[in-house]
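**Q** Mind folding the following:
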Amino acid sequence: MKKISLGITGCMGRMGQQIIKSVKLDKNFKLAALTEGRKLNKKVNGINVKQNSIETFKKTNLIIDFTIPECTFEILEIALKLKKRVVIGTTGFTKREEQKIKKYSKKIPILKAGNMSLGINLLMYLSEIASNSLGDNFLSKIHEVHHRHKIDYPSGTALMLGKGVAKGKNKNFYNLIGKKYLNKKTFPYGKKINFNSIRKGEVIGEHEVKFSSGKEIITLNHEAFDRTLYSEGALSAARWLMSKKPGLYSMRDLMNFK
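**A** All right, here's what the predicted structure looks like:
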């Protein structure tokens, strides 16, 4: 089978480095291009680290992007001209930017996910099902733990799970966001979704969605203890996207959730 030639942006970042390690262990892929936002006189795995350009990505089949929104749109413009597929793991897009990505997806295949973990995407789906089944008699809250270096809270993944809860209720997520707590030992349920974030040690990621009626509690949770699950998820997305027509896809599509 012919290997998929990958371009990886932000190759010196934490996720970029992890994806490179996973590619080396996966016989389906080969590295064709590595880029960074600034000019570097450096080689990684025998490949010169370059800046984003049409020439850099010409020999790739697909680009994996874990950077910042500004860089992502630079990549999408290049991918559009070269008719390349793109897997986006970048987060922090505005509503207007999300709409802009949809426009690109009408001409090239794009898979975009705030978290590439198959387990987290399953947890989001289960949270949606539970929220829909339990109805308004159950209140919900979301708890997450990450390493002490993580500044933002709640995590993007916690918000993603909140969207699952909101979708199950058929309500606008932004209207359901409740209070956001930091480093609290306990925190309450509410009519809206309350969030609590713990920052400690080197925890990779723990997420918990809880539903309570006051008489019983249902808990759904996920714990990550190896960063390779994110890079392997990104490679699964890349492999899956290779056979798709232009469109905007998610890990939910990959996992065939209805």
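**Q** mean confidence for the longest helix along the chain?
**A** For the chain, the longest helix by residue count, based on DSSP state H, is helix 118-134. For helix 118-134, mean pLDDT is 95.
**Q** What of stretch 241-250?
**A** Mean per-residue pLDDT for stretch 241-250: 96.
**Q** got the buried residues for it?
**A** Across stretch 241-250, burial judged by 16 or more other CB atoms under 10 Å covers 241, 248-250. Heads up, the C-betas are built off the backbone N, CA and C, glycines and all.
**Q** same question, stretch 81-93
**A** 82, 84-91, 93.
**Q** Kindly give the local confidence score, pLDDT, for Leu40.
**A** With respect to pLDDT, Leu40 scores 80.
**Q** Ignore what I typed, I meant Met1.
**A** We have a pLDDT of 66 for Met1.
**Q** Does Val87 touch Ser231 like I think?
**A** No. Applying CB atoms under 8 Å as the test, Val87 and Ser231 come out as separate, 11.2 Å apart.
**Q** how about the helices of this protein, start to end?
**A** Using DSSP H, helices in the chain cover 14-24, 54-57, 69-82, 95-105, 118-134, 156-168, 173-176, 228-241, 251-254.
**Q** mind putting these in a markdown table, distance to Lys200 included?
**A** Formatted as a markdown table, the helices of the chain follow (distance: least, CB to CB, whole Å):
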| stretch | distance to Lys200 |
| --- | --- |
| helix 14-24 | 18 |
| helix 54-57 | 40 |
| helix 69-82 | 29 |
| helix 95-105 | 32 |
| helix 118-134 | 20 |
| helix 156-168 | 16 |
| helix 173-176 | 27 |
| helix 228-241 | 20 |
| helix 251-254 | 28 |
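**Q** so which of these gets nearest Thr186?
**A** Evaluated over the helices of the chain, closeness to Thr186 peaks at helix 156-168, with 16.9 Å, by CB to CB.
**Q** which other helices and strands contact that closest one?
**A** Judged by 3 or more CB pairs under 8 Å, 6 or more residues apart in numbering; DSSP states H and E, the packing partners of helix 156-168 are helix 118-134, strand 139-146, helix 173-176, strand 193-199, strand 205-212.
**Q** and Asn45, how many neighbours?
**A** 12 (other CB atoms under 10 Å).
**Q** Now do the same for it: its pLDDT.
**A** 84.
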